[in-house]
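Engineer: got a structure for you, letters missing:
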């Protein structure tokens, strides 16, 4: 059972300044995300000292890492949306039960994926276009990386659950510990400092495993000791898994669009050589530093919209989304300017190869112009999931990849080469950002009108009617 202290956190986002809540949640998550991405950049700097083949090898692993993270986050979103509603209704026993059962579900899922991934990673990396020494290096990295994946997955899910519970601060600690350890351990394991064996790219993978283990330790501390949320019963486990997956599976599928798009870009670029792949890998890592800001802003949506929608605070729901949209657009403009001015310096600090430099700078001059509207789409996607209406987000994401991006990228590639692929990415982000915000606003108005009309009276005033998910 939760402690008395935890009871005081009920419905924390249904009162007080919406702007203050968004700032508090987002700022902590942004700092955590920035720590992660900066840690990844430092790791990329270490790998760049090994050589261009190592950079290309890690670039082929990016889609796999992103895809598995997307699946795990999706399951966490499904649980977080339920927890936000339970907290709004002060049902703490239900909250403890959901968190425990979510952890069990994620443990089973991530361990299964790790086993399967260990067997099939080489085949998938080869499918993406990796070959020769690059394929060998990438496969060696993947086999070690999968050892740490279950710990990373549980820690990643914990971040969303903790925010939904009403504690916006602790996820920052979880997110920061891994990159700190990777930065510190990296040189010893990669280059063999202080007499340690020089493991090269495999050393970077072992540093990841150490960081993931530390993240899991902090998450378990919050769950078992800080909040005492352990629930020692499997009664209702199947039903809770079904409820979590009802939103979690579509949310995971929606999240998968980004890594699938990344895999597609990697595949389309593979014919242009290792230099282009390495340049793209460096640029996408640099872009991720500024992209983490809009993703951090979007993380406030599920707890804020989830709690306020369950509490019938419709105006606060609209206010939360509007503030997040504006923040994403303002940061997108700022980030595009930063990337345009500093692209050459950023890339040169990681790798000085002329082919890598040219490709990475070109990417950073094109794709970041769409960052603000990519953030708008991310906010809207989280909004659909917070309302437990995940199918529009899934539909938009699938349409983004198959209907808009793929045909456009193929056409642009045939005309403009790899530069065309970058422009197709930017255009797709802009178009889908606008479409997703319009659709979410329309859905909110429809749901609010149905509530006001009393369609849901027979189900009680605290439970929204399970409307058509579209």
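Structural biologist: All right, it came through fine. Quick caveat, the model's predicted, so the values are computed rather than measured. Numbers count the residues shown, from 1 in each chain.
Engineer: now the helices: where do they sit in the stretch 301-450 of the chain?
Structural biologist: Ranges of helices within the stretch 301-450 of the chain are 301-310, 314-348, 354-366, 371-386, 391-398, 406-416, 418-452, based on DSSP state H, counting those that start in this stretch.
Engineer: what would the ones you listed look like in TSV with mean pLDDT?
Structural biologist: Conversion of the helices of the stretch 301-450 of the chain to TSV gives the following (pLDDT from 0 to 100):
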stretch	mean pLDDT
helix 301-310	87
helix 314-348	94
helix 354-366	92
helix 371-386	92
helix 391-398	85
helix 406-416	91
helix 418-452	92
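Engineer: mind checking which helix or strand of the chain has the lowest mean pLDDT?
Structural biologist: Of all helical and strand segments in the chain, the minimum by mean pLDDT, DSSP states H and E falls on helix 4-7, at a mean of 39.
Engineer: need the pLDDT of the most centrally placed residue in the chain.
Structural biologist: Nearest residue to the geometric centre of the chain (Cα atoms, centre = their mean): residue 70, 5.8 Å. Listed pLDDT for residue 70 reads 85.
Engineer: helices or strands next to the helix or strand hosting it in the packing?
Structural biologist: Secondary structure from DSSP states H and E places residue 70 in helix 52-88. Counting contacts by 3 or more Cβ pairs under 8 Å, 6 or more residues apart in numbering; DSSP states H and E, the secondary-structure elements packed against helix 52-88 are helix 18-50, helix 92-128, helix 132-165, helix 201-220, helix 237-269, helix 274-298, helix 301-310, helix 371-386. For every residue, glycine as well, the C-beta is placed using N, CA and C.
Engineer: could you check the longest one and say which residues are buried?
Structural biologist: Within helix 92-128, the residues that qualify as buried by neighbour count (16 or more other Cβ atoms under 10 Å) are 92, 94-103, 105-106, 109-110, 113-114, 117-118, 121-122, 124-125, 128.
Engineer: mind checking how far the helix holding residue 70 is from the chain centre?
Structural biologist: Helix 52-88 sits 5 Å away from the centroid of its parent chain (Cα atoms, centre = their mean, to the nearest Å).
Engineer: report the angle between that helix and helix 18-50.
Structural biologist: If you take axes from the mean of the first three to the mean of the last three Cα atoms, to 10 degrees, helix 52-88 sits at 160 degrees to helix 18-50.
Engineer: now helix 52-88 against helix 301-310, angle please.
Structural biologist: If you take the same axes, to 10 degrees, helix 52-88 sits at 20 degrees to helix 301-310.
Engineer: do you know the pLDDT at the spatially closest residue to residue 425 that is not a sequence neighbour?
Structural biologist: Closest residue to residue 425 apart from its sequence neighbours, by Cβ to Cβ, 6 or more residues apart in numbering: residue 367 at 5.3 Å. For residue 367, the pLDDT comes out at 93.
Engineer: residue 362 touches residue 423, doesn't it?
Structural biologist: No. Residue 362 lies out of contact with residue 423 (Cβ atoms under 8 Å); the separation is 10.1 Å.
Engineer: show me the shaky parts of this protein.
Structural biologist: Applying pLDDT under 70 to the chain flags the ranges 1-11, 88-91, 454-470.
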